[in-house]
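Trainee: using only what follows, build the 3D model:
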Amino acid sequence: MSATQGAPRDPSGPEQALPIRLHVDDSDSPSDVVDALFLGRFATGEQPHAHSTTLDRVKPSATLLPSGAKVLRAAKDDDRSALLAEGAGWTVLVSRWSRGADVTVTATDQELAERVLKEATDDALDEPEPQPENVTMGFWYVSPRRGPHRTTRQIGAGTWDEIRPNYTAPVADAMDRLMAVTPDDITGRLLLLHGPPGTGKTSALRTLARSWRDWCQVDCVLDPERLFSDVGYLMDIAIGEDEGTPQGRWRLLLLEDCDELIRGEAKHTAGQALSRLLNLTDGLLGQGRNVLVAVTTNEDLERLHPAVIRPGRCLARVEVGPLTRPEAVEWLGREDGIGREGATLAELFALRRGVTGPGMPEQRATSPGLYL
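Mentor: Next comes the predicted model:
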């Protein structure tokens with residue numbers, strides 16, 4: 001089905017070069033139709049100014065509509081809803097999913113578009129009461145509907161003093177220095193944590209986010225394998241500024257379990273991905289940007305690509321290993337269950353819970369949970 005929508009105001013206007021047609025088939029939902037209808041007045045030039053914003057943690061009671069809005073269309077699918085409304089000289093589209101929303105306003109002039117958007121979104125966020133043990137962490141991923149998208153969550157993280165006994169002495173000493181880093185101390189842009197599963201790499205990074213929260217925003221990339229293969233995604237994350245982020249604030253991009261990206265044969269197996277990672281840390285892409293990259297891997301140091309670990313590239317390179325037997329005994333408060341080679345953090349927590357099995361802890365745990 002096709003339909004021609006809208007009449008031109010100016011016969012010589014740019015909208016005449018691209019006739020507006022709406023094609024609908026069985027793959028389209030009512031929400032898709034609402035999205036398309038919203039573009040009509042902007043495309044014809046009747047409302048040539050548009051402003052939009054993306055919100056996280058929207059209050060369930062928030063309508064995201066300004067006063068006096070007249071609802072024209074409303075659609076609800078399994079995973080999202082769409083609302084089209086209008087007022088004097090403006091139109092608003094509200095797309096909602098879970099606790100997030102996109103709000104876009106078109107209007108006859110820029111000031112009106114800005115004012116309507118502000119009224120629609122004022123007091124719409126459900127801000128949790130700040131807790132000293134929490135840190136705000138961003139999560140990036142590519143959404144099939146919205147493309148590169150960032151959401152935020154409050155993540156619980158202990159202080160370094162609280163979790164320091166979870167690490168063997170050389171690791172704890174290295175992390176002491178890392179936790180105390182300030183922007184003036186930054187010499188390299190890459191932070192590398194490597195070692196066996198279950199040794200506490202992720203826990204250390206959560207605490208690092210808490211220690212650095214006054215000057216650095218930590219964002220976890222949920223699909224790192226796509227980040228360095230999709231140039232558009234990489235540019236959105238590396239170059240784009242988060243709305244409301246103070247100028248000069250650093251950002252730490254966290255990439256977990258990137259073994260294939262940084263191991264010795266990565267240049268052959270990952271194509272341009274490794275080159276783009278290196279370019280982000282100390283190449284042209286990273287110039288002028290306050291961006292750090294943290295990578296966790298289970299690979300041995302000897303198997304990592306030499307370009308990744310060369311001097312000057314890494315802010316820190318920490319090999320996170322198991323606790324020695326004396327350290328593990330002190331941590332657990334008893335000797336039973338601890339082998340001659342010591343134990344990982346995940347194994348110690350399992351022993352504390354009373355979980356045992358053949359070869360534990362010599363046979364390393366395969367489900368370390370939060371203690372990766």
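
Trainee: the residue positioned nearest the centre of the chain: what secondary structure?
Mentor: When CA atoms, centre = their mean is applied to the chain, the residue found nearest the centroid is Phe139 (2.2 Å). Following DSSP: H, G, I helix; E, B strand; the rest coil, Phe139 is assigned to strand.

Trainee: who does it bridge with?
Mentor: Thr151, Cys220 (DSSP bridges).

Trainee: would you list every one of the strands in this protein?
Mentor: Ranges of strands in the chain, per DSSP state E, are 2-4, 21-23, 49-55, 70-76, 81-87, 90-97, 100-107, 134-143, 147-156, 190-194, 216-221, 250-255, 291-297, 314-319.

Trainee: could you dump those strands to a markdown table with distance to Leu345 and mean pLDDT?
Mentor: (Glycine included, C-beta is placed from N, CA and C.) Compiled in a markdown table, those are given as follows (distance: least, CB to CB, whole Å; pLDDT from 0 to 100):
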| stretch | distance to Leu345 | mean pLDDT |
| --- | --- | --- |
| strand 2-4 | 61 | 43 |
| strand 21-23 | 56 | 69 |
| strand 49-55 | 37 | 92 |
| strand 70-76 | 45 | 93 |
| strand 81-87 | 43 | 94 |
| strand 90-97 | 36 | 94 |
| strand 100-107 | 34 | 94 |
| strand 134-143 | 20 | 88 |
| strand 147-156 | 17 | 86 |
| strand 190-194 | 13 | 89 |
| strand 216-221 | 20 | 93 |
| strand 250-255 | 19 | 91 |
| strand 291-297 | 14 | 88 |
| strand 314-319 | 14 | 89 |
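
Trainee: what's the closest of those strands to Arg276?
Mentor: strand 291-297 (10.9 Å; CB to CB).

Trainee: output the contacting helices and strands for the closest one.
Mentor: strand 190-194, helix 201-211, strand 250-255, helix 259-262, helix 273-282 (3 or more CB pairs under 8 Å, 6 or more residues apart in numbering; DSSP states H and E).

Trainee: closest to Gln110 out of the ones you listed?
Mentor: strand 250-255 (29.6 Å).

Trainee: list the contacts of that closest one.
Mentor: 183, 186, 191, 205, 208-209, 212, 215-221, 224, 227, 237-238, 242, 245, 261, 290-296 (CB atoms under 8 Å, 6 or more residues apart in numbering).

Trainee: quick one: that strand to strand 291-297, angle?
Mentor: Per axes from the mean of the first three to the mean of the last three CA atoms, to 10 degrees, the angle that strand 250-255 makes with strand 291-297 is 20 degrees.

Trainee: dump strand 250-255 to PDB, restricted to CA.
Mentor: Output of strand 250-255 as PDB, limited to C-alpha atoms (Å, rounded to 0.1, in the frame of the first residue of the first chain):
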ATOM      1  CA  TRP A 250      37.200  11.400  31.300                       C
ATOM      2  CA  ARG A 251      35.400   8.300  30.100                       C
ATOM      3  CA  LEU A 252      36.500   4.700  30.600                       C
ATOM      4  CA  LEU A 253      35.200   2.100  28.000                       C
ATOM      5  CA  LEU A 254      35.100  -1.300  29.600                       C
ATOM      6  CA  LEU A 255      35.500  -4.300  27.200                       C
END
